[in-house]
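K.L.:
what's the 3D shape of this:
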Amino acid sequence: MRVLEYDERRNYLRLYVEDEDDLWLLHTILTKGDVVIARTTRDVSMGNESRRIPMTIQLRVEFTEFQSYTGRLRIHGIVEDAPEKFGIKGSHHTINLDLGEEIVIVKPWTKAQLERIEREARKRSKNMIVLVDQDELLIAIPMEQGIKILVERALQGINEQTESLEDVAKDVAEEITQFANQYQPEALILAGPGPFKEIVKDMLRVKARIYVDSVSTASRAGLAEILKRDIIDQVMRDYSISKSTKQLERALGLMARDSGLVVYGLEETREASTYGAVETLLVSEDLITDDEKRSVIEEVMNLVESKGGNVMIVPKDSPVYHQLKALSGIIGILRFRYK
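P.N.:
Residues are numbered from 1 along each chain as shown. Below is the predicted model:
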């Protein structure tokens, strides 16, 4: 997600959607009564026939639907503003928000919501992309403002000084490790056109989880290939799910020891959050989108984040989703016993 413009006075936020996680985040943030402005299409009567016309409209949100299998967010609501000639003001409409599109959202933003959007915008910098072949090396970091190329150069390959591919791979692995130690990525995508990348992988000594992929060339053209694929989305989603899985396992361990450092259920987590006791809050996706509970859930999330705690929303496809649901869908791991 990229934040293109923010006007605090007008509560105006313009965003560019980059991946499915962005759509899912907007699904959890948009509520009834919010205003969105986006490009859409609409069937309009033109004489004796009806044509689908592209236009920009302003919509008062009624509800949203996230369709993960299509990479699309459907925003249903009432048209508040649109080109006069089409006469659609006051009618129902659905905006289909897709990847690679912009949207403007006008709503009373909470600090927690803005921080979640900022985190989403920053998260790509947690990855490092390395493209390597026997004679090429490219190392890049996806940043909020775009891709930062750290290294782009030709390799000498096998020559009089290097007796084997292993020698070349060892030098490359050392260089990658130096950059990984500097930037501390949580995931490293290692790609290349041939088997050389596997030799390099075996020699890497990095803390990051390594994902291996294939591209036609270890150059900017190969980088463009990687950026068009879902592997970066998969990497970031894997990392997010892994973190929530570890935290739930931690909570279950604390409960098994009767430590008094875990609360669950809406009332208990709400009470603990008012004391600033919640260090980590796990919330199931369906609670966020439940109209009846949403305001209370967001109040708890805001309280936790305002006191320096971490909030993790667990999606339905997470392996720990059903465990969390069995414990009411909301769990707080405490800094201290407040009772």
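
K.L.:
would you mind measuring from residue 282 to residue 267?
P.N.:
16 Å (Cβ to Cβ, to the nearest Å). (Each C-beta comes from the backbone N, C-alpha and C, glycine too.)

K.L.:
so where do the helices sit in the stretch 51-200 of the chain?
P.N.:
All helices of the stretch 51-200 of the chain, identified by DSSP state H, counting those that start in this stretch, fall at 111-122, 165-183, 196-203.

K.L.:
now, of these, which is deepest in the fold?
P.N.:
helix 196-203 (a mean of 18; mean count of other Cβ atoms under 10 Å).

K.L.:
rewinding a little: with distance to residue 296 and mean pLDDT added, can I get the helices of the stretch 51-200 of the chain in JSON lines?
P.N.:
Converted to JSON lines, these look like this (distance: least, Cβ to Cβ, whole Å; pLDDT from 0 to 100):
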{"stretch": "helix 111-122", "distance to residue 296": "14", "mean pLDDT": "80"}
{"stretch": "helix 165-183", "distance to residue 296": "39", "mean pLDDT": "89"}
{"stretch": "helix 196-203", "distance to residue 296": "47", "mean pLDDT": "93"}
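
K.L.:
okay, the ones you listed in CSV with distance to residue 319 next?
P.N.:
Below are the helices of the stretch 51-200 of the chain laid out as CSV (distance: least, Cβ to Cβ, whole Å):
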stretch, distance to residue 319
helix 111-122, 22
helix 165-183, 27
helix 196-203, 26
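
K.L.:
can you list the domains in this protein?
P.N.:
Segmentation of the chain into domains, based on automatic domain parsing, reads 2-109, 124-229, 243-334.

K.L.:
relative to residue 118, which of those is closest?
P.N.:
Closest of these to residue 118 is domain 2-109, at 7.4 Å (criterion: Cβ to Cβ).

K.L.:
remind me, longest helix of the protein?
P.N.:
Ordering each helix of the chain by length in residues (DSSP state H) puts helix 231-256 first.

K.L.:
of residue 282 and residue 267, who's got more company?
P.N.:
Using other Cβ atoms under 10 Å, the more surrounded residue of residue 282 and residue 267 is residue 282, with 25 against 12.

K.L.:
closest to residue 333 out of the helices of the stretch 51-200 of the chain?
P.N.:
The closest of the helices of the stretch 51-200 of the chain to residue 333 is helix 111-122. By Cβ to Cβ, the value is 17.8 Å.

K.L.:
quick one: list the elements packing against the closest one.
P.N.:
Where contact means 3 or more Cβ pairs under 8 Å, 6 or more residues apart in numbering; DSSP states H and E, helix 111-122 is packed against strand 2-7, helix 20-29, helix 294-306.

K.L.:
what is the longest one packed up against?
P.N.:
I take that to be helix 294-306. Checking 3+ Cβ pairs under 8 Å, 6+ apart, helix 294-306 ends up next to helix 111-122, helix 266-274, strand 278-284, helix 285-288, strand 310-314, strand 330-334.

K.L.:
again, 10 Å this time
P.N.:
Contact analysis of helix 294-306 by 3 or more Cβ pairs under 10 Å, 6 or more residues apart in numbering; DSSP states H and E lists helix 20-29, helix 111-122, helix 266-274, strand 278-284, helix 285-288, strand 310-314, strand 330-334 as its packing neighbours.

K.L.:
wait, doesn't residue 208 sit right on residue 128?
P.N.:
Yes: Residue 208 lies in contact with residue 128 (Cβ atoms under 10 Å); the separation is 6.9 Å.

K.L.:
overlap in contacts, the two.
P.N.:
Shared contacts of residue 208 and residue 128, defined by Cβ atoms under 10 Å, 6 or more residues apart in numbering, comprise 180, 183, 184, 185, 186, 187, 188, 189.

K.L.:
any idea of the angle the longest helix of the chain forms with helix 20-29?
P.N.:
50 degrees (axes from the mean of the first three to the mean of the last three Cα atoms, to 10 degrees).

K.L.:
which stretches of the stretch 151-300 of the chain have low pLDDT?
P.N.:
Residues of the stretch 151-300 of the chain meeting the criterion pLDDT under 70: 157-163, 230, 232-233, 236-239.

K.L.:
quick one: secondary structure of the closest residue to residue 133 other than its chain neighbours?
P.N.:
Excluding the flanking residues, the one nearest residue 133 by Cβ to Cβ, 6 or more residues apart in numbering is residue 218, at 4.1 Å. Classification of residue 218 by DSSP: H, G, I helix; E, B strand; the rest coil places it in coil.
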